[in-house]
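Novice: Provided below for reference: sequence and predicted model.
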Amino acid sequence: MGSKVTPTVEGGLIAALTVILSLAAIYLPIIGAFVEFFCAIPIVVLTVRQGFKFGASAVAVSFVLLLMFSGPILAVRMTLSFGLCGLVLGQCLNRGLSAVKCFIPVLIMGFFAQIVSVAMLSIISGVDVVEQDMKLVRESFTQSFEIYESMGVDPQVINQTKEIVEPIVQLIAVLTPIILFGVALINTVGTYILSKWIFQKLRMKFAEPMPPFAQWRFSTVFLYIAAFSALGLYWGQTRQISVLYFIAFNALVFAMIVGLTQGLSLLSFLADKYNVSKFVRRIVFVILILNIFFLQVVAVTGLFDMLFDYRKHLKDS
């Protein structure tokens with residue numbers, strides 16, 4: 001007679017598997033970056049199979065084990081970024097939520113994990129992590145410029161390049177929250193896609209498919225965020241209010257990214273409506289990506305599409 005694995009035993013095995021995958025993601029070069037996307041999947045499967053309680057217990061056990069093997073910073077990062085994200089995704093699947101309602105909470109948790117990880121590293125090390133990273137970037141550019149000088153490159157060209165590089169470094173520092181959000185987005189997309197693939201292999205029910213890209217629409221809230229952020233950016237810059245400038249700049253970039261997504265979705269709708277070939281679509285998208293002005297136009301169009309819903313009028317025409 002075959003013996004059925006109890007939820008407790010399965011939870012222990014899942015916790016051990018999660019720790020192994022997390023340690024591999026931390027310590028294996030190159031491959032570790034890919035392994036990271038698998039770290040949340042065991043927790044997702046356990047939560048769907050055995051419920052939230054056993055999923056949460058496995059996350060707690062894996063956190064304790066990671067504390068022993070990798071230290072507090074990496075343990076917190078891996079547990080928040082993948083353990084809790086897997087728990088959230090599993091619970092959303094348990095409730096039968098739609099694909100979008102499953103994706104958004106996981107993305108929020110992933111973004112929260114990135115912020116907490118950076119904050120913890122700054123507190124424990126006693127050093128501003130962002131400023132330290134920018135210092136390393138500047139030093140790497142300085143070393144590169146010294147190499148170019150030794151190769152006989154015109155000093156005037158090097159000085160011009162230095163003038164271009166410094167504003168870029170400062171911009172990266174200001175946009176740290178957006179960068180962290182981008183990392184969270186990549187992790188969430190990877191976890192979601194791989195979870196769906198694993199569920200299909202295990203013949204387990206997953207969330208309904210995402211709507212076609214041509215049908216993606218976002219709330220008008222993002223249009224208002226962009227408008228108020230632009231106002232806040234002006235006030236922060238003209239009145240030297242650095243905190244307001246920092247918040248408004250990041251909020252505006254975030255809103256523009258959402259607007260760009262909806263603008264590209266609108267273009268996909270138009271391409272479908274007028275039967276544009278895939279080859280032509282790819283050329284158009286490449287041109288857009290390579291031209292910052294066109295990207296801004298598409299982003300602004302996407303923001304106004306949230307208010308006017310151009311697709312509704314185009315369907316009627």
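Specialist: Thanks, I have it.
Novice: and Val61, what is it in contact with?
Specialist: Applying Cβ atoms under 8 Å, 6 or more residues apart in numbering to Val61 gives the contacts 11-12, 15. C-beta: built from backbone N, CA, C; applies to glycine.
Novice: try 6 Å this time
Specialist: If a contact means Cβ atoms under 6 Å, 6 or more residues apart in numbering, then Val61 has Ala15 as its contacts.
Novice: And for the one 5 residues further on?
Specialist: Remark: with contacts taken as Cβ under 6 Å, 6+ apart, Leu66 is in contact with 19, 22, 75, 78.
Novice: which element is the third one on?
Specialist: Which is Ala75. According to DSSP states H and E, Ala75 maps onto helix 72-78.
Novice: before we move on, which element is the most centrally placed residue in the chain in?
Specialist: The C-alpha lying nearest the average C-alpha coordinate of the chain belongs to Leu185 (Cα atoms, centre = their mean; 1.7 Å). Element membership for Leu185, per DSSP H and E: helix 176-201.
Novice: what does the average pLDDT come to for the next helix or strand after that helix?
Specialist: Following helix 176-201 in sequence order, the next helix or strand is helix 221-238 (DSSP H and E). If you average the pLDDT over helix 221-238, you get 94.
Novice: The helix or strand that helix 221-238 is followed by packs against which elements?
Specialist: For helix 221-238, the succeeding helix or strand toward the C-terminus, using DSSP H and E, is helix 242-273. Here helix 242-273 touches helix 176-201, helix 221-238, helix 292-308, going by 3 or more Cβ pairs under 6 Å, 6 or more residues apart in numbering; DSSP states H and E.
Novice: Tell me the buried residues in the shortest one?
Specialist: If I follow you right, that is helix 292-308. The neighbour-count check on helix 292-308 (16 or more other Cβ atoms under 10 Å) flags 295, 298-306 as buried.
Novice: Show me which residues of the helix or strand just after that helix are buried.
Specialist: Counting by DSSP H and E, the next helix or strand C-terminal to helix 292-308 is helix 310-316. For helix 310-316, burial by neighbour count (16+ other Cβ under 10 Å) applies to Arg311.
Novice: Quick one: residues in contact with helix 310-316.
Specialist: Phe269.
Novice: Show me how far that helix is from its chain's centre.
Specialist: Its chain's C-alpha centre and that of helix 310-316 lie 31 Å apart, by Cα atoms, centre = their mean, to the nearest Å.
Novice: Could you do stretch 113-131 as well?
Specialist: Centroid separation for stretch 113-131 versus its chain: 18 Å, with Cα atoms, centre = their mean.
Novice: same question for that stretch, mean pLDDT?
Specialist: pLDDT averaged over stretch 113-131 gives 82.
Novice: what comes into contact with that stretch?
Specialist: 73, 76-77, 80-81, 173, 176, 180, 183-184.
Novice: Flag the least confident of those.
Specialist: Ile73 (81).
Novice: contacting residues for Glu149?
Specialist: With contact set as Cβ under 6 Å, 6+ apart, Glu149 has no partners.
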